[in-house]
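Trainee: Provided below are the primary sequence and the corresponding predicted coordinates.
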Amino acid sequence: MPDLNLIELRLDAIRTDGGTQSRVQLNEVYAEELADHLRAGGTLPPATVFRNGDRINWMGAGFHRHRAHLLVKRKTMICDLRAGGQRDALLFSVSSNLTQGRRPTPEDKRFAVGLLLHDEEWGQWATAEIARRCGVSQSLVRLIRREEDEAANQAGASSRGAMIGHKCKRGNKVFRTKATRTPKPKGEDVVADERRAILLDLMESIQADRDDLAAMGEETAVAVAHMDAALACIKVRAG
């Protein structure tokens, strides 16, 4: 893990309105919980902020922490300052939601995937790379990509994936996959893929909750057992 470049920044000097938030919206209940922690004398991990030559501080991770500091009338907060601009902050935000703060909701995951797909550069990445960055299943990315392509086709635009490859990273090398034209799936195929993507996303959420409960000890053993049974059932249905 790289050393943190910790610095105290004024809250009003950190841009949180520049489109670098990769969640659908802030959760005010969670922000208030963090604020209560601060009121009780606790501390929060440093936010991650990006700054380049324009001297603008772009929030990459820590939107709820920033909100909590505002709620308790703080003027400053400790941040890990990194080199980069708005796009660096957004890409970091997409990935950081997997490991920091409140677990992303299914709506948050779809929103994050959409942010990358709508970007001129990131939208050309391979499905596997976008799934890795957003911490979702490849099935979900394929589903959202197809929805975007179908919406574009209905508007008279050509499909994003038509006759172009997608960027893929292997080791330190970035290359473009071979261009192909994927035939439009039949209606039954679309429904099956949608169902599978939803089930896989549900499995990820249940698994995360199950792991949290298991860490609490024996008092949650019954609930964990029920969740294990539910996961097994969903896995069978997902195929």
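Mentor: Structure's in. What do you need?

Trainee: can you count the residues close to the nearest residue to residue 47 once chain neighbours are set aside?
Mentor: Computed as Cβ to Cβ, 6 or more residues apart in numbering, the closest residue to residue 47 that is not its neighbour in sequence is residue 62, at 2.6 Å. The way it works is simple: take the backbone N, C-alpha and C, and place the C-beta from them, glycine included. Around residue 62 there are 26 other residues, counting by other Cβ atoms under 10 Å.

Trainee: residues contacting residue 200?
Mentor: Residue 200 sits next to 137, 139-140, 238 when contact means Cβ atoms under 8 Å, 6 or more residues apart in numbering.

Trainee: Pretty sure it sits in a helix.
Mentor: Yes. Counting by DSSP: H, G, I helix; E, B strand; the rest coil, residue 200 is located in a helix.

Trainee: Torsion angles phi and psi at the residue lying closest to it once chain neighbours are set aside?
Mentor: Leaving aside its chain neighbours, residue 200 sits nearest to residue 137 (4.1 Å; criterion: Cβ to Cβ, 6+ apart). Note on residue 137: its backbone torsions stand at phi -80, psi 150 [degrees, to the nearest 10].

Trainee: Any chance of the backbone angles for residue 10?
Mentor: phi -70, psi 140.

Trainee: per-residue confidence at it?
Mentor: What the model reports for residue 10 is a pLDDT of 98.

Trainee: Just give the nearest non-adjacent residue to it, would you?
Mentor: Nearest residue to residue 10 in three dimensions, chain neighbours excluded: residue 76, at 5.4 Å (Cβ to Cβ, 6+ apart).

Trainee: Tell me how many other residues crowd the one you found.
Mentor: Residues near residue 76, counting by other Cβ under 10 Å: 14.

Trainee: mind checking how far it is from residue 12?
Mentor: Note on residue 76: its distance to residue 12, by Cβ to Cβ, to the nearest Å, is 10 Å.

Trainee: can you map out the helices along the protein?
Mentor: In the chain, the helices defined using DSSP state H lie at 28-39, 63-71, 86-96, 106-117, 127-134, 138-154, 187-214, 221-238.

Trainee: residue contacts, the nearest residue to residue 138 once chain neighbours are set aside?
Mentor: The shortest distance from residue 138 to any non-neighbouring residue, by Cβ to Cβ, 6+ apart, is to residue 131 (4.5 Å). For residue 131, the contacting residues are 137-138, 140-141, by Cβ under 8 Å, 6+ apart.

Trainee: So what's the predicted local confidence for residue 131?
Mentor: 93.

Trainee: ok, now residue 221?
Mentor: pLDDT for residue 221: 76.

Trainee: next one: residue 195
Mentor: 70.

Trainee: Next: the one 4 residues further on.
Mentor: If you check residue 199, the pLDDT there is 74.

Trainee: For burial, what's the neighbour tally of it?
Mentor: 18.

Trainee: Could you single out the nearest of the contacts of residue 131 to residue 111?
Mentor: Checking the contacts of residue 131 against residue 111 by Cβ to Cβ gives residue 140 as the nearest, at 11.9 Å.
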